[in-house]
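In: just to be clear, the model below is a prediction. Sequence and coordinates:
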Amino acid sequence: MIQGFGNTISGTTLTTVLQLRTPNEMLGKVMALRSSVGNVSDAFAYLLIGGLLSAFSLPLAFTAVTVYVFGTTAMFYGLRLRHARQQTRMETTGQSVGK
């Protein structure tokens, strides 16, 4: 149930951002790629969780997945902050900012 809520929120947000930032002539290709990557990542996640559940107890498997999710979230948040600081620094010094 929690995964369902999370997928709804993140999937809708990702789809909206992709549609807003993708040129119209590339929209079909980008959305097809998003769908393909999503299907492959779902299959990988099911294999990973299934393997964890068969090797460990349910509480231990959930703990491992929780640590992984929080760890990757912190890593990506840190990368985003670093990028934002670099952009701010470049803008204040008058350098051009590449995207």
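Out: Looks like it arrived, so ask away.
In: got a pLDDT number for the residue nearest to L53 when sequence neighbours are not counted?
Out: Leaving aside its sequence neighbours, L53 sits nearest to A61 (C-beta to C-beta, 6 or more residues apart in numbering; 5.1 Å). The way it works is simple: take the backbone N, C-alpha and C, and place the C-beta from them, glycine included. pLDDT recorded at A61 is 84.
In: try the one 3 residues further on
Out: The pLDDT attached to A64 in the predicted structure is 85.
In: which strands or helices does the biggest helix by length in the chain pack on?
Out: Ranked by number of residues, the top helix in the chain under DSSP state H is helix 58-93. Counting contacts by 3 or more C-beta pairs under 8 Å, 6 or more residues apart in numbering; DSSP states H and E, helix 58-93 packs against helix 27-55.
In: so how far is the helix it packs on off the chain centroid?
Out: Centre-to-centre, helix 27-55 and its host chain are 12 Å apart (C-alpha atoms, centre = their mean, to the nearest Å).
In: check which residues of it are buried.
Out: Using 16 or more other C-beta atoms under 10 Å as the test for burial, helix 27-55 gives 34, 52.
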